[in-house]
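1. mind folding the following:
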Amino acid sequence: MTDRKKNVNRCFWANPKNPLYIKYHDEEWGRPVHDDRQLLEQLILESFQAGLSWECVLNKREAFREAFDGFDRDAILSYDEKKIDELMACSGIIRNRAKIKSAISNTVVFKTIQEEFGSFDSYLSCFCPKHPIMDHTSTTSAISDTLSADLRKRGMKFVGSTTIHAFLQSIGVFNSHQPDCFLYHKNSDHDRAD
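-> Numbers count the residues shown, from 1 in each chain. Here you go, the predicted model:
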């Protein structure tokens, strides 16, 4: 956190005692993401959040990056039972076998979507508007309902509407900063198509 940002208003959930959370809030959350590797990382991390807090996942993100080979798609596609056992033994990540296995199977679906649409980002553009939607109160939306249903139909797991809505907030489809947050209007200037 820079000195000039110490006394600014932020969203209520950004724990001021956690520098990682403040940095994430100020520099990442709600900004448009189009890079498929970053989209895969965010999607996997959001699926691990199911039933937990984002702060818990964020605190473990670097350990996740190391354990999941930088979220390299092809590396994840090669994971076998031995690798799953290694991940289950990794104390730095959330050790939930069902979520670990779904991260692998979801990556298979992710690749299939990339092959069908050219990129996962192009697939998302079929569901998401070009301009961010200003909404700081919802935990689901018509977009997250539809996208979640399509992903589940394609075989993804741990991608319910609430999880997908949080994913869409994180990648800038929704500008969900609260009206008194210093970033409330700032991110609305960035189009998803940037």
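
2. how about the spatially most central residue of the chain: what's its closest non-neighbour residue?
-> Nearest to the mean C-alpha position of the chain, counting by Cα atoms, centre = their mean, stands Gln42 at 2.9 Å. Sequence neighbours aside, Ser170 is the residue nearest to Gln42 in space, at 5.6 Å (criterion: Cβ to Cβ, 6 or more residues apart in numbering). Bear in mind the C-beta positions are built from the backbone N, C-alpha and C, glycine included.

3. was I right to think the one you found contacts Glu28?
-> Yes: with contact defined as Cβ atoms under 8 Å, Ser170 reaches Glu28; the gap is 7.5 Å.

4. okay, those two: which has more neighbours?
-> More crowded of Ser170 and Glu28, by other Cβ atoms under 10 Å: Ser170, with 22 against 15.

5. please list all residues in contact with that one.
-> Contacts of Ser170 were listed using Cβ atoms under 8 Å, 6 or more residues apart in numbering, and they are 28-30, 33, 42, 46.

6. same deal with Val108?
-> Under the criterion of Cβ under 8 Å, 6+ apart, the contact partners of Val108 comprise 77, 155.

7. give me the pLDDT for it.
-> According to the per-residue confidence, Val108 scores 98 in pLDDT.

8. follow-up on the earlier one: the residue nearest to the centre of the chain contacts His34, correct?
-> No: counting by Cβ under 8 Å, Gln42 does not reach His34; the two are 11.7 Å apart.

9. list residues touching both of those two?
-> By Cβ under 8 Å, 6+ apart, Gln42 and His34 have no common neighbours.

10. count the residues that sit near the residue nearest to Ile171 when sequence neighbours are not counted.
-> Among residues not flanking Ile171 along the chain, Val33 sits closest, at 4.1 Å (Cβ to Cβ, 6+ apart). A count of nearby residues for Val33, using other Cβ under 10 Å, gives 20.
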